[in-house]
Structures are given as structure tokens and as C-alpha cells.
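**Q** kindly generate the corresponding structure for this input.
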Amino acid sequence: MKSILYILTVGLLFSCGAGDGASIDASIVKNNYSAIEDYESVTGGPKMIFNETEYEFPPMIKGDELEHAFYFVNAGDAPLVLTNVKGSCGCTNVEYTEDPILPGEKGRILAEVTTANKTAGKQFRVSVTIESNSLDQKIKLWLKGTPKAE
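**A** Residues are numbered from 1 along each chain as shown. Below is the predicted model:
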């Protein structure tokens, strides 16, 4: 009976692609709330902890509209209020919640970047600046990438 179970388990693993060297796309894993499940709570006010503070876009064509979400948790002991969130240039727009984020609650900042005015073959780097009542009152997030010619 054990040998039949073993054969079925091995067959299932190989039929699901476990033995073909496939890997999990790290960008999918990082870009969700589960990346900030384990955090250390702090006292003294609100505290933003992000899943990442820099993101590099995969290859793109000059003129593409790009989008990336940064996820965070309020690891502090008071409500978090985002007072000003803005991109470093006119090519970067942001969306975020204006409602207070209670301790332990999660949020996201969606950054949209247009590459129409970026130089093909040259890496760009833009930032999103977040001002809030967090213990770290000003935080910068970075987006970068290298557009290719059409």
C-alpha cells in the first residue's frame, strides 16, 4: 500500500511540473499583502512598513503605460494618515487611500508611469514621495526600467 501511495505522489509531482525546474515568479509573491504578514509592531505612533521600496519594471516598449502597486501595513499603535503622496515628475501618477489606516490594517499605493518621454535604451528612475503622520514622516519609493525603441 505504501509503494502505491509513493508512486501516486511522485507521479502527481511530475505531472504538476514540480520536477521541470519551474520557479515561482518573485514579482507575483512580493506584490501582495502576504509579503507583509510578519512584521514587528511598534509603539509611539503609526509606522508604515512596505513589502518593497524599489521596483524594476520588466522590459517595455517606449510609450508603454506601466503600473505597480506598493503594499504596506500600519505596524504602529495609532491611525496612519497619508497627507501627501506624489510622483517625482509629470510621468508618474499615484492612487492611494485618503482614509485613516488603523493599526494592523494594510494599504497600497498604486503608481502609474508613462514612458512616452523616456529615452529608449536608457534606464529611468522615478520616485513616489509619501508624507504622513508615520514615525518616518517622509518615505520614498522608487520605480525604474529601461524602455526599448518601438
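
**Q** grab the nearest non-local neighbour of residue 44.
**A** residue 135 (6.3 Å; CB to CB, 6 or more residues apart in numbering). Every residue, glycine included, has its C-beta placed from N, CA and C.

**Q** got a pLDDT number for the one you found?
**A** According to the prediction, residue 135 has pLDDT 94.

**Q** surely it is in contact with residue 43?
**A** No - if you go by CB atoms under 8 Å, residue 135 and residue 43 don't touch, sitting 9.7 Å apart.

**Q** who has more neighbours out of those two?
**A** Neighbours per residue (other CB atoms under 10 Å) separate residue 135 from residue 43, with residue 135 holding more: 16 against 10.

**Q** picking that back up, list the contacts for the residue nearest to residue 44?
**A** 42, 44-47, 76 (CB atoms under 8 Å, 6 or more residues apart in numbering).

**Q** which ones among those residues map onto helices?
**A** Applying DSSP state H to the contacts of residue 135, no entry is found in helices.

**Q** which of these sits closest to residue 125?
**A** Residue 125 has its nearest neighbour among the contacts of residue 135 in residue 47, at 26.1 Å by CB to CB.

**Q** and the closest one, how many neighbours does it have?
**A** 23.

**Q** where exactly do the strands run in the chain?
**A** Secondary structure of the chain (DSSP state E): strands at 48-50, 54-56, 60-61, 65-74, 82-87, 92-96, 106-114, 124-132, 138-145, 147-148.
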